[in-house]
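[1] Pasting a predicted model and its sequence here:
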Amino acid sequence: MFESLTKGPSGSTECPQCGNTVPDDDKPCPFCQYIKSIGLPEELAAEASVERGGINYDFAILNGFIDNKFMLVKAVEQGFIPEMLDLLPAQKLAKAIASLHDSEPKNESWDKLLVRTKLKANGLMTVALDQFYEKVVEVPVPTLEQLMSYVGLVKSRFSLRRLKEIGEEVFRFTNWDKSPSREEIDQFIAASIDKLHTIQKLSVSKRINVVRMEMEDILHDFEYREAHGDKDIIGFSIKPFNILNETLSGLRKGFLYGLAGAPRRGKTNLVLDIATYCARENRIPVLFFTFEQTKKNLTYRLLSKESYINPGTLQRKRILNDPVKKAKLADGLKKMAQYQDSLFIVESTKDETIERIRGHAYNVMSEFDTSNIVIFIDYIQKMPLARNYDNEKFKVEEISTSLKQLAIELNCPIIAISSLSKEGCVIDATPGAERPTMLHCKGSGDIEYDLDVAMILGKDWGDTNELYEQLKHKAEAMKRDSQRLPKIDIINLYIDKNRDAPEGSMNIIQFFFFIEENKYTELGYKLPQDTYRFKKIENLINILLERGFIQFYDHEDRGRGTQFDDAASRTAVTPVADTQKQKIRLKY
């Protein structure tokens, strides 16, 4: 807007009102026109310097601070200082708002009326500044993503402004009528270097602190534990996956988690379970970015796993006229109500780059007024980049590196799913001692270097076969159909890398995966030498039958719906609480 205000070109004159250089074409000064259009007081308009055309950014940033103090906190974390704003009254207002923030309790919210009242009460608001405040709150409030972009722009403009001032000083010094002495030259160079260093420090992406400040937090944490007891976990809880929760010590801030597996092993289902538990247990926003399924399809999956009704049945059959299914649906909706306002499923496209994901995260953090957030990516090979790569290896490696950098920047856990290469899928589908590893990830096995926690899903063929043999014998003993059995896999979760793992934790956790119901149930650690596998699985079947997890068909029921749905039409199954279902302790 103000490109014509720069000095230097011939055929231009100085505006008698504001002093800006304008084209010599008899048109009104655009800067004065703008000041008039927004109704700034003359004494404030006079403070706008010749080079300043960023008044829109000033207003937007300030109104963001006024609307939500969380925006002020995030801007300061990125190195913002009031002097970076163009207008002197904007700088004064930013300092006043920052002073007010420092004197207020951290958890106390504010709005434009409350901020204005408190600024006046604290003697921080002059008459002229109050008039400026009126104009600031009239502009639209930016999103957090927009505000962070504006902060980056004003930082760049501030640096350029300071560099130009140094350049002018160098010009004046080198064109000095008097020839400077050697000592004066050295002093001028030293002073210029100090100013350049100051510009460099203010231009970094965020403020850095000495170790002492981190040590203060650590010592405070020591004192808190002495007063309140040990912490069970460090990160965000994912109960009722109790064993996994203890092994990972929750989902930890700044960590990048990778989960790889072959098709039909339930990668998305397991991660959806973790996402819902995280949102429910911690009451924080959770973003689930899906690059291969629709939002509605995943919502059906969520409802299926909570209600124990097959997703196909939910989408095709009449539910509300069936008393049993209606009761199961009501139970599922009740469970979903515990997290549905904190879980965001983002139907992602080729435009959903790392930058867009960062923007979504900032906006949701601002909406919830929190720095806590968890991000899930399904899945990493389908994520787009701003640039194109002919080599998938380089693309996957850049995505994993960028995700790790984003986890550190946002100080949040990021959980990314990875598909396996053809070789990895063949290994997974072949019963035997060998299993897939992160080296078999599609595109590049080097993503493990970026991960803090590397996990692989693999079918336990031995335990699954033993499970089906015993299910068959149990059905025959109960005079039920032994040819049509519930579809259940025993899945091993191999934790191949676990940074800062708790002492004594093991690296293989077993799950029941109810294939038709999209549900994972945690069984516990898989022991290195499981001598009593037969007895263990027998105990598992008895527990599952007792708690209503497994229902066998009568012979005449063959050809009907799923095992759970058919059982529901015969006998009402009493829902079991999640805390009971998810952790089955065995004694054998």
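    Yep, it's here.

[2] now the helices: where do they sit in the stretch 201-350 of the chain?
    Using DSSP state H, counting those that start in this stretch, the helices of the stretch 201-350 of the chain run over 211-228, 242-248, 267-282, 295-307, 311-316, 323-336.

[3] let me redo that: the stretch 351-500 of the chain
    354-368, 392-410, 422-429, 461-477.

[4] Nearest approach to Tyr257 belongs to which of those?
    Each of these was scored for nearness to Tyr257 using Cβ to Cβ, and the closest is helix 392-410 (9.1 Å). Bear in mind the C-beta positions are built from the backbone N, C-alpha and C, glycine included.

[5] mind listing what's buried in the closest one?
    Going by neighbour count (16 or more other Cβ atoms under 10 Å), the buried part of helix 392-410 is 395-404, 406-407, 410.

[6] One more: stretch 141-153?
    Val141, Pro142, Thr143, Leu144, Glu145, Gln146, Leu147, Met148, Tyr150, Val151.

[7] Does the fifth one touch Met365 like I think?
    No - taking contacts as Cβ atoms under 8 Å, Glu145 lies outside contact range of Met365: 10.0 Å.

[8] circling back to that earlier point, and the buried residues of stretch 141-153 as CSV, adding secondary structure?
    Shown next, in CSV, are the buried residues of stretch 141-153 (DSSP: H, G, I helix; E, B strand; the rest coil):
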residue, secondary structure
Val141, coil
Pro142, coil
Thr143, coil
Leu144, helix
Glu145, helix
Gln146, helix
Leu147, helix
Met148, helix
Tyr150, helix
Val151, helix
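
[9] how about the nearest residue to Phe376 once chain neighbours are set aside, what does it touch?
    Excluding its sequence neighbours, the residue lying closest to Phe376 (Cβ to Cβ, 6 or more residues apart in numbering) is Phe288, at 4.5 Å. With contact set as Cβ atoms under 8 Å, 6 or more residues apart in numbering, Phe288 has these partners: Val271, Leu272, Ala275, Leu298, Leu343, Phe344, Ile345, Val346, Phe376, Asp378.

[10] From Leu93, how far off is Phe288?
    Phe288 is 39 Å from Leu93, where distance means Cβ to Cβ, to the nearest Å.

[11] How about Leu343?
    For Leu343, the distance to Leu93 equals 38 Å [Cβ to Cβ].

[12] quick one, which of the two is more surrounded?
    Neighbour comparison, Leu343 and Leu93: the larger count goes to Leu93, with 26 against 21 (by other Cβ atoms under 10 Å).

[13] Report all helices and strands that the helix or strand in which that one is found contacts.
    Using DSSP states H and E, Leu93 sits in helix 88-103. Using 3 or more Cβ pairs under 8 Å, 6 or more residues apart in numbering; DSSP states H and E, the elements in contact with helix 88-103 are helix 55-67, helix 69-77, helix 112-121, helix 127-136.

[14] and those helices as JSON lines, adding mean pLDDT?
    Shown next, in JSON lines, are those (pLDDT from 0 to 100):
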{"stretch": "helix 55-67", "mean pLDDT": "85"}
{"stretch": "helix 69-77", "mean pLDDT": "86"}
{"stretch": "helix 112-121", "mean pLDDT": "85"}
{"stretch": "helix 127-136", "mean pLDDT": "85"}
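
[15] Tell me, domain by domain, which residues of this structure belong where.
    As assigned by automatic domain parsing, the chain contains the domains 39-203, 242-470+487-526.

[16] Among the ones you listed, which comes closest to Arg480?
    Nearest to Arg480 among the domains of the chain is domain 242-470+487-526 (13.7 Å), distances taken as Cβ to Cβ.

[17] Can you pull the poorly scored residue ranges out of the chain?
    Across the chain, the ranges flagged by pLDDT under 70 are 1-55, 107, 202-209, 445, 528-534, 549, 555-588.

[18] report the longest strand in it, please.
    Identified as the longest strand of the chain according to DSSP state E is strand 488-498.

[19] Tell me which strands that strand pairs with, and in which orientation.
    Applying DSSP bridges, strand 488-498 is found paired with strand 453-459 (antiparallel), strand 508-514 (antiparallel).

[20] so can I have JSON lines of those strands showing distance to Ile537 and mean neighbour count?
    Below are the strands paired with strand 488-498 laid out as JSON lines (distance: least, Cβ to Cβ, whole Å; neighbours: other Cβ atoms under 10 Å):
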{"stretch": "strand 453-459", "distance to Ile537": "15", "mean neighbour count": "23"}
{"stretch": "strand 508-514", "distance to Ile537": "11", "mean neighbour count": "22"}
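
[21] Ok, which of these comes nearest Val136?
    Nearest to Val136, of all these, is strand 453-459, at 45.2 Å by Cβ to Cβ.

[22] and the angle for that closest one with helix 267-282?
    Relative orientation of strand 453-459 and helix 267-282, computed by axes from the mean of the first three to the mean of the last three Cα atoms, to 10 degrees: 130 degrees.

[23] just the angle between strand 453-459 and helix 422-429, please?
    Using the same axes, to 10 degrees, strand 453-459 lies at 60 degrees relative to helix 422-429.

[24] start the count at 24, not 1, going forward
    Got it, the first residue is 24 from now on, which makes the last one we talked about strand 476-482.

[25] For stretch 460-471, C-alpha coordinates in PDB please.
    Taking Å, rounded to 0.1, in the frame of the first residue of the first chain, the C-alpha atoms of stretch 460-471 are listed here in PDB:
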ATOM      1  CA  THR A 460      10.900 -53.800  11.400                       C
ATOM      2  CA  MET A 461      11.100 -50.100  10.700                       C
ATOM      3  CA  LEU A 462      13.700 -50.900   8.000                       C
ATOM      4  CA  HIS A 463      10.700 -52.300   6.000                       C
ATOM      5  CA  CYS A 464       8.800 -49.000   6.000                       C
ATOM      6  CA  LYS A 465       7.700 -48.000   2.600                       C
ATOM      7  CA  GLY A 466       9.900 -45.400   1.000                       C
ATOM      8  CA  SER A 467      12.600 -45.300   3.600                       C
ATOM      9  CA  GLY A 468      13.600 -47.300   6.600                       C
ATOM     10  CA  ASP A 469      15.700 -44.300   7.800                       C
ATOM     11  CA  ILE A 470      12.600 -42.600   9.400                       C
ATOM     12  CA  GLU A 471      13.500 -44.500  12.600                       C
END
